Structure formats: structure tokens, C-alpha cells
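> Take this sequence and fold it.
(one chain, ligands or ions: 2)
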Amino acid sequence: MKAAIYYGIQDIRVEEIDTPVCGKGEIKVKVHYCAICGTDVRIYLSGHKKVIPPAVIGHEITGVVEEIGSDVKYPEKIQKGDKVVLVTSIGCGVCKMCRKGFYNLCPDTKAIGYFYPGGYAEYVIVPAPAVKQQAVIKLPEGVSLKEGALIEALSCAINGQNYLNIGEGDIVVIYGGGPIGFMHAVLALAEGAEKVIMVDPVYERLEKFGRHFGDILLLDPKKINVKDEVMKQTGGYGADVVITACPAKQAQIEGLGLLGSKGRISLFGGLPKDDSFINIDANLIHYKELSVFGSFASNRRDFIKAAKLISERKIDASKFISCVVPLEKINEGIEMVRQGEVLKCVVEINSDGRP
Ligand SMILES: [Zn+2]
Ligand SMILES: [Zn+2]
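Ligands and ions are numbered 1, 2, ... in the order given. Sure thing, here's the model as predicted:
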């Protein structure tokens, strides 16, 4: 089969490799689409401890079930020919977090597209532990395989917002105008947020993509004092929710200072691993009764919610997919994502026959 092989930093080559064989307890999926994640770009640029080259990466996968291995017991019937999306995080299955279904927080989490071979290939094997954890989810009626490639990224934003309790009347500030930032914006509006404000110093990009999403206030922090503007927009009260969808300390520190009483902040984007300490005024948290949340990856329930939102057209997938490239052009796709030229770039391995 054809696969994009990651040989190391800035070295991905599309080659012919042996098609994987579906073993006991496994499910083989013919990959149709695999969207490029910011993490894929980071793996490409600086490697990842769980990705040992040569490897096939890619975890935002949709495809069609090709074969079901012997001994597969699946509670929700999965058949050859089903259109599916794959859950990324696979846990050990026995630890405290896994027993609660939080496979993303398992200390021994092994993910598809990191530890296990991923979706930048014609076929992917869903390993037995993933099958046991029901990592294969049927796409709902009306969600195309291409649209389905957004489910993983959206599921991560959903996991982040699970903690934030966004509702009617909330004013939400989002740092970062990448695909995840816009997903947070659309989700917050779908939850009833009164106003969404987005901040990104790469303002040209924020504006270019922001145009498609309608009612979001876009701020250029190079030109506008973000705190003054947020205070103006909130009648001096401060924001109800801040989400930092970017790997920037400045956003975390500044974001905390934007919150009004009972405000919630999600440090959604991680910081570089060798530079992850920040200085904050802890008394802001104390006196204003603020809540600080983290979020990492997602689980099956978040995938199901993401798929439902796309099927109900509460999330318009076409607004996010600004680029589709064939597998042969994966390097170009990664480069476009890195440059911020596109919102979400989807690698097409087999077309789903739709325009
Ligand atoms: Zn991803
Ligand atoms: Zn575990």
C-alpha cells in the first residue's frame, strides 16, 4: 500500500510498504481522509517521544471498515463497509483513569498516529486494545468522510469546554486564531455564549478566516489594548470565560487578568516543554473565585458529540476545511498548515465520491 513514512525531522516520504494484516481482535480500516493536526506539524518539525521513526503518523482519521478480525466483540455492531472515525487515545485499560473511561489521561496512553501506525496510509489497523475501548465510531447519517476528518480536532475542543460550563449570556475570549481557536468560538456560540472575542497577534490571518464565521469580535493586540477592550465589551465586569488556544505564556497570564468574578479559564494549548513556568497573581484566583482548567486530547464521548454537532449542522465543516491534498502532497499540506495559510488541511487518501 501507499503510505507517508516519517523518517525523522523534516523527512516524510510517500512510499510503497506492505499492507498491514488484520489480526485477532483488530479491525482494518481503509483510510479515506486524515486531517493534518498542529501536533503532526510539531512532530514533523521537532519529533515526538512516542513517535519512533520510521513511522506512519496522522490521527484525524476517517475511512471504511475493510475487515474485522477474529474474536472482535463490539457492543455497537460494526460491519465491513461502515463509514467510521477512529478515537485517538488508547489507554492501558486497567488504571484508575482508564476504569473511568479517561483513556487520554492514562499514564501509559498509546495513541493511533503516535505509538501505533496512523492514517497517512491507505490502510490502518485499529489495534486490539483500541477495539476493546470502542475506538471505532460509525459516522452519523449525513456526515461525509471528508467532514468526519474534523471530528477529532473538534472533540478536543469539546473536551476543553466540558469544564467551562459555557451558557447564555457568557462573554468568551479566545486567544489563538488557528482551527482550534475557531472551533472553540463556534462551540461557545452553539452553547449560547452572548459574545465571542478572539485575539491573535497574527491579525491578518485572524481576519482572513474570521470573516467566514460571522459574529465574532476580532482583536489585534498589536493595535488594541485587549484588557481595555474586554472591559468595555463587558461593562467593566470582565470576561466569563477565557480559552488559550495557542502555546503562548503571554496569553495565559493576560487571559487570567481579563476574567471577572467566577470566571473560568482553560489553558487549552500547552507550552513548550522546556519553558512551561509562568508567573501569575494568585490573588486574582482567590478574590474573584476563578477556576483554572486544563485539557488534553479527548475521549469517545467527545467524538460522539462532535460527530453529532456536524450532523446537525451546528458546526459547518466546510468552513474549516480550507484545503484538501492527495497523499503524495502531504509535505505541501504540512507546510501550508505551518505557515497558517489554511485553517484545516485534509489529506485525501481515497475520495468518498462526493464533491
Ligand atoms: Zn489532532
Ligand atoms: Zn490506563
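
> Setting aside sequence neighbours, what's the nearest residue to Lys132?
Spatially, and ignoring its direct neighbours in sequence, Lys132 is nearest to Gly93 (6.6 Å; Cβ to Cβ, 6 or more residues apart in numbering). The C-beta positions use only the backbone N, C-alpha and C, and glycine is treated the same way.

> er, Val347 I mean
In space, Val347 is closest to Cys34, 5.0 Å off (Cβ to Cβ, 6+ apart).

> And the one helix or strand that neighbour maps to, what does it pack against?
Assigned by DSSP states H and E, Cys34 falls within strand 27-35. Judged by 3 or more Cβ pairs under 8 Å, 6 or more residues apart in numbering; DSSP states H and E, the packing partners of strand 27-35 are strand 60-68, strand 123-126, helix 145-148, strand 344-348.

> nearest to His212, of these?
strand 344-348 (12.1 Å; Cβ to Cβ).

> Dead centre of this structure: give me the residue that sits there.
The centroid of the chain falls nearest to Ala153 when counting by Cα atoms, centre = their mean (2.3 Å).

> Would you check how far apart that residue and ligand 2 are?
Going from Ala153 to ligand 2 by Cβ to the ion, to the nearest Å gives 23 Å.

> so that residue sits in a helix?
Yes. Counting by DSSP: H, G, I helix; E, B strand; the rest coil, Ala153 is located in a helix.

> which is the next helix or strand following the worst-scoring helix or strand of the chain on mean pLDDT?
The helix or strand with the lowest mean pLDDT-type score in the chain, counting by mean pLDDT, DSSP states H and E, is helix 317-320 (a mean of 93). Per DSSP H and E, the first helix or strand lying C-terminal to helix 317-320 is strand 321-326.

> Now find how far off-centre the next helix or strand after that next one is within its chain.
Proceeding N to C from strand 321-326, the next assigned helix or strand is helix 330-339, under DSSP H and E. What separates the centre of helix 330-339 from the centre of its chain is 17 Å, taken as Cα atoms, centre = their mean, to the nearest Å.

> send the alpha carbons of helix 330-339 over as CSV?
The C-alpha atoms that make up helix 330-339 are tabulated as CSV, following Å, rounded to 0.1, in the frame of the first residue of the first chain:
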residue,chain,number,x,y,z
ILE,A,330,1.4,15.7,2.3
ASN,A,331,4.6,17.7,2.7
GLU,A,332,3.0,20.7,1.0
GLY,A,333,-0.1,20.3,3.2
ILE,A,334,2.1,20.3,6.3
GLU,A,335,3.9,23.4,5.1
MET,A,336,0.6,25.2,4.4
VAL,A,337,-0.6,24.4,7.9
ARG,A,338,2.7,25.5,9.4
GLN,A,339,2.6,28.8,7.6
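
> Okay, now the unreliable bits of this structure?
Low-confidence segments of the chain (pLDDT under 70): 352-355.

> Tell me which residues of stretch 170-190 come out buried.
170-189 (16 or more other Cβ atoms under 10 Å).

> Equivalent analysis for stretch 193-210, please.
With burial defined by 16+ other Cβ under 10 Å, the residues of stretch 193-210 counted as buried are 193, 195-201, 203, 205-206, 209-210.

> do stretch 139-155 as well
Neighbour counts over stretch 139-155 (16+ other Cβ under 10 Å) mark 139, 143-155 as buried.

> So which residues on the stretch 101-250 of the chain come close to ligand 2?
Residues of the stretch 101-250 of the chain lying close to ligand 2 (Cβ under 5 Å from the ion) are Cys106.

> Would you map the helices across the stretch 101-250 of the chain?
Remark: helices assigned in the stretch 101-250 of the chain by DSSP state H, counting those that start in this stretch are 128-132, 145-148, 151-162, 179-190, 203-210, 226-233, 249-256.

> still on that earlier bit, which is the next helix or strand following the strand holding Cys34?
helix 38-46.

> on contacts alone, who are the packing partners of that following helix?
Packing partners of helix 38-46 (3+ Cβ pairs under 8 Å, 6+ apart): helix 330-339.

> Which residues does the helix it packs on contact?
4, 12, 14, 36, 38, 40-41, 44-45, 120, 323, 325, 342, 345, 347 (Cβ atoms under 8 Å, 6 or more residues apart in numbering).

> now the angle between helix 38-46 and that helix, please.
Angle between the axes of helix 330-339 and helix 38-46 is 100 degrees (criterion: axes from the mean of the first three to the mean of the last three Cα atoms, to 10 degrees).

> So for helix 330-339, what gets flagged as buried?
Result for helix 330-339 [16+ other Cβ under 10 Å]: buried residues 330-331, 333-334, 336-337.

> tell me the angle of it relative to helix 203-210?
Interaxial angle of helix 330-339 relative to helix 203-210 (the same axes, to 10 degrees): 110 degrees.

> Using CSV, lay out the helices of the stretch 101-250 of the chain together with distance to Ala111.
Listed next are those as CSV, based on distance: least, Cβ to Cβ, whole Å:
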stretch, distance to Ala111
helix 128-132, 9
helix 145-148, 18
helix 151-162, 11
helix 179-190, 17
helix 203-210, 27
helix 226-233, 35
helix 249-256, 25
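
> Tell me which of the ones you listed lies nearest to Tyr287.
Closest to Tyr287 of the helices of the stretch 101-250 of the chain is helix 249-256 (Cβ to Cβ; 12.4 Å).

> Please work out which residues outside that closest one touch it.
Here helix 249-256 makes contact (Cβ under 8 Å, 6+ apart) with 173, 175-176, 199, 226-227, 242, 244, 265, 267, 269, 271, 275, 278-281, 284-285, 290, 292.
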